[in-house]
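Student: here are the coordinates; sequence isn't available:
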């Protein structure tokens, strides 16, 4: 089969890979219909390099069941599915406490095991979820990143009527805008430095958009909230700058949720750091998208919300291309050659 393999920093190749086959009775092989580029893929491509040289890459995808082990009964060949790409050990202290997202050996396909930028991918049966006809394959590629956001929201104490600020309007931030509404937010502020991203944020439900270039997000949000700030701030940009400044956006007793990952040091000025102490903020980290019973309510709730049209991913998709264009697309994104939202690959198209 054809696949995208990562050999090193900015060394992505479209080439032949071994087709997976059933080895254990709990395994499922999926024919990949669509697969999306995650922000973590971009960071690994440009900065961190691969986990294993020549690994088949990718973890956000949807597809059709192509083969099943003898012990798999919840799906059958031909079923339309999505899949949780996370793999946990089940043996460490966190797993024994059913804190699966904190597993010491937590990993995802595309890192140490073959991923979904390929014609076929193999996963344990418990990772595979059926999707209804109301969710098309393109939309289903967003089930994983949506579950990531839901996992974060479930960690907060946010209640209906809350005001929420989302900092960073990439795919995760745009999904966070929509999850804020699902959780009953009264007003959602979307913050970014890219006007195109803010236009999409408005389209998917943001009440107020803040372009934080000529005037800081802090100054603008304080003007809009009479100096109070918001109940919940979500950092989804993964920027060292925004990661250091989000504390000033929360009201007294508010929450700050980190979904973004800054791949460099975060230096916090005293003005921002003191907000944590003086305003008695709750600061939360959120990792991955799983909980017990595996894969967790993040997944079932996402599928339910998507099937009811409560999550709109169409405006987030900017490119639909064959898998063969992978090396070119990653270079273009890294070089900022054009505007890119979510890019979807189609392995069936040569």
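Tutor: On my side now, so go ahead. Treat the numbers as computed from the prediction; the structure is a model and nothing was measured.

Student: Could you list the low-pLDDT ranges of the stretch 101-250 of the chain?
Tutor: For the stretch 101-250 of the chain, no stretch has pLDDT under 70.

Student: Show the residue spans covered by the strands in it.
Tutor: 107-108, 120-124, 128-130, 163-167, 187-192, 208-211, 230-235, 250-258 (DSSP state E, counting those that start in this stretch).

Student: Parallel or antiparallel, list what pairs with the fifth one.
Tutor: Listed by DSSP bridges, the sheet partners of strand 187-192 and their directions read strand 163-167 (parallel), strand 208-211 (parallel).

Student: do the longest one as well
Tutor: Partner strands and pairing direction for strand 250-258 (DSSP bridges) are strand 230-235 (parallel), strand 282-285 (parallel).

Student: likewise the shortest one?
Tutor: Using DSSP bridges, the strands paired with strand 107-108 are strand 86-87 (antiparallel).

Student: Okay, buried residues for the following helix or strand past the partner strand please.
Tutor: Next along the chain after strand 86-87, taking DSSP states H and E as the criterion, comes helix 93-96. Across helix 93-96, burial judged by 16 or more other C-beta atoms under 10 Å covers 94-95. All C-beta atoms are positioned from the backbone trio N, CA, C, and that covers glycine.

Student: quick one: contacts of helix 93-96?
Tutor: 88-89, 100, 102-104 (C-beta atoms under 8 Å, 6 or more residues apart in numbering).

Student: ok, now stretch 337-350?
Tutor: Counting by C-beta under 8 Å, 6+ apart, 2-4, 31-37, 58, 117-119, 138, 141-142, 170-171, 196-197, 200, 313, 315-326, 329, 331-333 sit against stretch 337-350.

Student: now those: which count as buried?
Tutor: 3-4, 31-37, 58, 117-119, 138, 141-142, 170-171, 197, 200, 313, 316-317, 319, 323-326, 329, 333.

Student: Check the gap between the residue of the chain most remote from its centre and residue 180 for me.
Tutor: Ranked by distance from the centre of the chain (C-alpha atoms, centre = their mean), the top residue is residue 226, with 32.6 Å. Using C-beta to C-beta, to the nearest Å, we find residue 226 at a distance of 20 Å from residue 180.

Student: Equivalent analysis for residue 62, please.
Tutor: 25 Å.

Student: got it, and residue 216?
Tutor: 22 Å.

Student: These two - which one has more neighbours?
Tutor: residue 180 (28 against 14; other C-beta atoms under 10 Å).

Student: who's in contact with the residue lying closest to that one once chain neighbours are set aside?
Tutor: Excluding the flanking residues, the one nearest residue 180 by C-beta to C-beta, 6 or more residues apart in numbering is residue 164, at 4.2 Å. In this structure, residue 164 makes contact with 158, 180, 185, 187-189, 230-234, judged by C-beta under 8 Å, 6+ apart.

Student: ok, residue 43 - contacts?
Tutor: By C-beta under 8 Å, 6+ apart, the neighbours of residue 43 are 238, 261, 263.

Student: Filter those residues down to just the buried residues.
Tutor: Here, 16+ other C-beta under 10 Å leaves 238, 261 buried among those.

Student: Let me see the residues that make contact with stretch 208-225.
Tutor: So stretch 208-225 is contacted by 163, 165, 167, 187-193, 195, 198-199, 201-202, 228-230, 245, 248-249, 251 (C-beta under 8 Å, 6+ apart).

Student: Give me the subset of the contacts of stretch 337-350 lying in strands.
Tutor: 2-4, 31-36, 317-322 (DSSP state E).

Student: Now for those residues: which two are most distant?
Tutor: 31 and 318 (24.9 Å; C-beta to C-beta).

Student: Just give the number of residues close to residue 152.
Tutor: Applying other C-beta under 10 Å, I find that residue 152 has 23 neighbouring residues.

Student: meant to ask about residue 348
Tutor: 12.

Student: Now do the phi/psi pair for it.
Tutor: phi -70, psi -20 (degrees, to the nearest 10).

Student: From residue 119, how far out is it?
Tutor: 7 Å.

Student: Quickly list what's touching both of those two.
Tutor: 31-32.

Student: Which stretches in this protein count as helices?
Tutor: For the chain, applying DSSP state H gives helices covering 39-43, 93-96, 137-140, 143-155, 171-182, 195-203, 217-224, 240-245, 270-278, 297-307, 326-334.

Student: In JSON lines, list these along with distance to residue 72.
Tutor: Below are these laid out as JSON lines (distance: least, C-beta to C-beta, whole Å):
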{"stretch": "helix 39-43", "distance to residue 72": "28"}
{"stretch": "helix 93-96", "distance to residue 72": "22"}
{"stretch": "helix 137-140", "distance to residue 72": "19"}
{"stretch": "helix 143-155", "distance to residue 72": "19"}
{"stretch": "helix 171-182", "distance to residue 72": "30"}
{"stretch": "helix 195-203", "distance to residue 72": "38"}
{"stretch": "helix 217-224", "distance to residue 72": "48"}
{"stretch": "helix 240-245", "distance to residue 72": "42"}
{"stretch": "helix 270-278", "distance to residue 72": "47"}
{"stretch": "helix 297-307", "distance to residue 72": "17"}
{"stretch": "helix 326-334", "distance to residue 72": "30"}
